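> Coordinates for the following, if possible.
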Amino acid sequence: MPALDGKKIAFLATDGFEDSELTSPWQAVSDAGGQALLVSPSEGSITGKNGHEATVDQSVSGADAADFDGLVLPGGVVNADDIRMDADAVAFARAFFEAGKPVGVICHGAWILTDADVLRGRTLTSYASLKTDLRNAGATWVDEEVHVDAGLVSSRTPDDLPAFNAKIVEEFAEGEHEEQTA
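Residues are numbered from 1 along each chain as shown. Below you'll find the model as predicted:
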């Protein structure tokens, strides 16, 4: 597995996240030597839909994508819907694309990218119910375990986490992607 020593990876989430879609990639990043940091519109701690509590490291209102090497957007219907309604969170996610930095998104997390307006001409996968939303945002939707499009790693559900985790670590290790644009 590629090393992430010295790399800081932001995880953008709030209450209602899909527990395993935060904890499993977090563990993969940590195991590869990266520093995982939870960025959120909420302060203190957030709770997943199945009860996992996570401590917020930084408020998204003061977060700068320039301080991070990559971004993970976990799913969870409530999480993704709330995040996409937060202007600071959407701008934070968009900034990773503007800087060419790798982004991993799973399940309903892709909703955030529709509001960040970064999907035109991109190919990705997600939870199947987002297919029309992603197409309407200009993306090509595919039904695959994991799909990589120039630094954008996407997966469908928690069942895909092993493949998703391996690919995000690989993309974060590679660093910036010239083709990763907003």
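
> And the strands in the protein?
In the chain, the segments counted as strands under DSSP state E are 8-12, 35-40, 45-47, 53-55, 58-59, 70-73, 103-106, 123-124, 140-141, 146-149, 152-155.

> Leu134: which of those strands is closest?
Nearest to Leu134 among the strands of the chain is strand 140-141 (4.9 Å), distances taken as Cβ to Cβ. Glycine gets a C-beta too; all of them are placed from N, C-alpha and C.

> Spatially central residue in this structure, please.
Nearest residue to the geometric centre of the chain (Cα atoms, centre = their mean): Leu73, 2.2 Å.

> That residue contacts Leu12, correct?
Yes. Contact criterion Cβ atoms under 8 Å: Leu73 and Leu12 qualify, at 5.7 Å.

> so what sits against both of these two?
Each of Ile83, Ala93, Ile112 lies in contact with both Leu73 and Leu12 under the rule Cβ atoms under 8 Å, 6 or more residues apart in numbering.

> so how far is Glu53 from the second one?
I take that to be Ala93. Per Cβ to Cβ, to the nearest Å, Ala93 is found 23 Å from Glu53.

> out of those two, which sits in the more crowded spot?
Ala93 (28 against 11; other Cβ atoms under 10 Å).

> so what's that one up against?
Leu12, Leu71, Leu73, Val103, Ile112, Leu113, Ala116, Val118.

> my read: the first one touches Val39, true?
Yes. Between Leu12 and Val39 a contact is recorded at 5.2 Å, counting by Cβ under 8 Å.

> Have a look at those two and say which one is more surrounded.
Comparing Leu12 with Val39 by other Cβ under 10 Å, the one with more neighbours is Leu12, at 29 against 25.

> Need the pLDDT of the more buried one.
pLDDT recorded at Leu12 is 98.

> Against Val148, how distant is it?
Taking Cβ to Cβ, one finds Leu12 at 19 Å from Val148.

> and if you look at Leu22?
Taking Cβ to Cβ as the measure, Leu22 falls 21 Å from Val148.

> ditto for Gly33
Using Cβ to Cβ, Gly33 is found at 21 Å from Val148.

> before we move on, what about Gly76?
Going from Gly76 to Val148 by Cβ to Cβ gives 22 Å.
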